[in-house]
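Asks: take this sequence and fold it.
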Amino acid sequence: MAPVFAHGRLRLYLLKLLDEAPRHGYEVIRLLEERFQGLYAPSAGTVYPRLAKLEAEGLVTHATEGGRKVYSITDAGREELAGRSGELADLELEIRESVSELAAEIRDDVRGAAGKLRSEMRAAASQTQKATGTEDWGAAKEELRRAKQEWKEQARRAKDESRRAREDAQQARRQAKEAQESARREMQRIAKQVQEQVQDHFARGDWPTGVREGLSELTTQLGGLARSTAWPPYSKPDPAEEPPEWAKAPLPADDPARALDRLLDRFRDDIRDAARDHGVTEDQLGEARRHLSTAAAHIGALLRKPKA
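Replies: Sure, this is the predicted structure:
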């Protein structure tokens with residue numbers, strides 16, 4: 001293949017591109033590729049050294065924008081370009097001719113490769129027929145037909161399985177959404193029940209018992225949460241889920257605030273033990289946070305009420 005640019009012609013064409021507008025090196029490479037309709041693109045090792053040489057000769061200058069050098073033609077560069085206008089016109093003609101030559105060479109290469117491939121395929125088919133005989137060749141075609149049919153059947157079964165998998169996934173999402181909604185309603189019911197229970201004791205002036213029973217009820221429910229992501233329907237706790245001993249012990253009346261601190265410490269220890277023994281998933285963590293925030297709001301509201 002003949003060189004795309006004769007000696008010194010790329011230097012002249014770079015001045016022409018920079019005379020059109022300031023450009024960075026990558027843009028110059030891209031424009032050259034466009035001018036040659038994608039058939040030729042100079043490398044960075046070809047363009048950047050020539051730009052540096054033009055700058056050293058004072059024909060171009062550069063400014064740094066966004067970390068990249070943007071080259072501009074100088075007055076001296078414009079003078080040289082004006083003095084070589086005839087040579088530039090010849091260069092434009094050479095470029096058009098180079099594009100035509102490149103296209104013709106590529107077209108010939110493609111045609112030659114395609115012809116060679118066809119010849120090789122015919123030769124391979126002829127050798128196969130000679131080696132296997134007519135009957136074997138017919139059997140081979142029949143085997144190919146059966147294999148193609150089997151592939152189509154496998155593709156159909158895979159498509160059906162994919163459709164069923166999507167339907168199962170959609171059903172699972174609906175069931176999960178229903179379970180979450182059921183858990184939310186159950187949580188609201190239990191929170192309301194605990195609140196009413198504690199408020200009833202508070203109305204009778206027995207706030208220590210109300211706090212103790214409220215914490216005990218929340219401990220029972222959160223213990224169940226640590227073992228399962230699904231919120232169970234409320235029922236009387238099993239013997240194994242009975243409130244802990246500290247929830248049943250008598251409360252000292254001399255210092256209620258200090259007694260409440262101890263209850264909160266024991267409550268926290270029980271929850272930590274359950275999390276350590278059974279692990280905590282992300283879903284359980286979110287549910288536990290909602291339960292804790294509800295308990296904090298209810299008990300805090302009770303303690304902030306005016307004392308009788």
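
Asks: from now on I want contacts and neighbour counts done on CA atoms only, so please keep to that.
Replies: Will do.

Asks: name the SS class of the residue lying farthest from the centre of the chain, please.
Replies: Within the chain, the residue lying farthest from the chain centre (Cα atoms, centre = their mean) is Asp254, at 59.7 Å. Using DSSP: H, G, I helix; E, B strand; the rest coil, the secondary structure recorded for Asp254 is coil.

Asks: strands of the stretch 1-150 of the chain, residue ranges please.
Replies: Under the criterion DSSP state E, counting those that start in this stretch, strands of the stretch 1-150 of the chain are mapped to 23-24, 60-65, 68-73.

Asks: make a markdown table out of these and add distance to Ala295, mean pLDDT and mean neighbour count.
Replies: Below are the strands of the stretch 1-150 of the chain laid out as a markdown table (distance: least, Cα to Cα, whole Å; pLDDT from 0 to 100; neighbours: other Cα atoms under 10 Å):
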| stretch | distance to Ala295 | mean pLDDT | mean neighbour count |
| --- | --- | --- | --- |
| strand 23-24 | 65 | 92 | 18 |
| strand 60-65 | 59 | 92 | 16 |
| strand 68-73 | 60 | 93 | 19 |
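
Asks: got the ones you listed as TSV, with distance to Leu31 columns?
Replies: Below are these laid out as TSV (distance: least, Cα to Cα, whole Å):
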stretch	distance to Leu31
strand 23-24	10
strand 60-65	18
strand 68-73	14
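
Asks: for Gln149, find the nearest of the ones you listed.
Replies: For Gln149, the closest of the strands of the stretch 1-150 of the chain is strand 23-24, at 57.2 Å, according to Cα to Cα.

Asks: given the closest one, what are its sheet partners and their directions?
Replies: With DSSP bridges as the test, strand 23-24 is paired with strand 68-73 (antiparallel).

Asks: going by residue numbers, what spans are helices in the chain?
Replies: 9-20, 25-35, 44-56, 75-83, 85-203, 207-227, 245-248, 256-278, 282-304 (DSSP state H).
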